[in-house]
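Colleague: just a sequence and a predicted model for now, questions to come.
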Amino acid sequence: MSAPASSSVSFASLLRRFARDRDGASALEFAIVAPFFFALLFAILETALMFFASQTLETMTQNSARMILTGQAQNAGYQATNFKTYVCSQIPAMFSCSNLLVDVESFPNFESITLNVQPNYGTGQFSGNMQYNPGSPGDVVIVRVFYPWQLFVTGLGYNISNWPNSQRLLVATAAFVNEPYN
């Protein structure tokens with residue numbers, strides 16, 4: 001049977017050998033850094049995807065607003081459902097038409113603009129009702145498209161949601177004066 005002094009000496013030499021051994025140090029360092037690296041990577045990817053979705057929504061809104069600007073929607077007798085269907089026809093795979101909200105309001109001039117629909121970010125509801133009023137030639141028209149974008153990376157102190165249920169409300173707006181169409 002070995003003496004206690006020799007076992008403590010062997011334990012101390014084992015500890016020294018372990019401290020000098022560099023095998024696996026990289027794996028240990030990666031294990032420490034990996035969660036932060038992947039959290040940052042996913043946060044960057046989600047932010048980029050959200051900005052891409054926002055820019056896509058802006059493009060869809062501008063293209064759809066052109067139907068009203070040129071009088072094509074008015075001459076075709078579009079109602080709210082027809083216009084939303086037209087907007088939905090431009091949606092890429094990243095959006096769902098059922099979550100899309102469209103508000104079209106017209107005013108006689110820029111000074112009289114008072115928007116009826118306002119998002120309440122605390123409750124996730126809108127004050128006022130969505131409208132479809134494309135106006136007449138020479139009217140000022142505001143077309144707004146709302147979309148609640150689902151976020152996935154909301155932990156670790158990174159949460160850019162402004163809408164309930166880890167969503168961010170994306171809003172795209174087009175403001176213009178209708179052309180003098182026939």
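Modeller: Arrived safely, thanks for sending.

Colleague: residue boundaries of the helices in this structure?
Modeller: With DSSP state H, the ranges of helices along the chain come out as 4-20, 25-69, 72-75, 80-88.

Colleague: helices and strands around the shortest one, which ones?
Modeller: When contacts are defined as 3 or more C-beta pairs under 8 Å, 6 or more residues apart in numbering; DSSP states H and E, helix 72-75 packs onto helix 80-88. Placement of C-beta: from N, CA and C, glycine included.

Colleague: could you redo the last one with a cut-off of 10 Å?
Modeller: If you count contacts as 3 or more C-beta pairs under 10 Å, 6 or more residues apart in numbering; DSSP states H and E, helix 72-75 packs onto helix 25-69, helix 80-88.

Colleague: now do the nearest residue to residue 61 once chain neighbours are set aside against residue 28, distance only.
Modeller: Once flanking residues are discounted, residue 61 sits nearest to residue 172: 3.8 Å by C-beta to C-beta, 6 or more residues apart in numbering. The gap separating residue 172 from residue 28 is 48 Å, by C-beta to C-beta, to the nearest Å.

Colleague: neighbour count winner among the two?
Modeller: Higher neighbour count among residue 172 and residue 28: residue 172, with 20 against 9, using other C-beta atoms under 10 Å.

Colleague: do you know the pLDDT at the more buried one?
Modeller: You'll see residue 172 listed with a pLDDT of 97.

Colleague: related to what we said a few turns ago, could you dump the helices and strands packed on helix 72-75 to JSON lines with distance to residue 160?
Modeller: Output for the helices and strands packed on helix 72-75, formatted as JSON lines (distance: least, C-beta to C-beta, whole Å):
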{"stretch": "helix 25-69", "distance to residue 160": "7"}
{"stretch": "helix 80-88", "distance to residue 160": "25"}
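
Colleague: for residue 159, find the nearest of these.
Modeller: Proximity to residue 159 (C-beta to C-beta) singles out helix 25-69 among these, at 9.8 Å.

Colleague: packing partners for the closest one?
Modeller: If contacts are counted by 3+ C-beta pairs under 10 Å, 6+ apart, helix 25-69 sits against helix 72-75, helix 80-88, strand 101-107, strand 140-150, strand 167-177.
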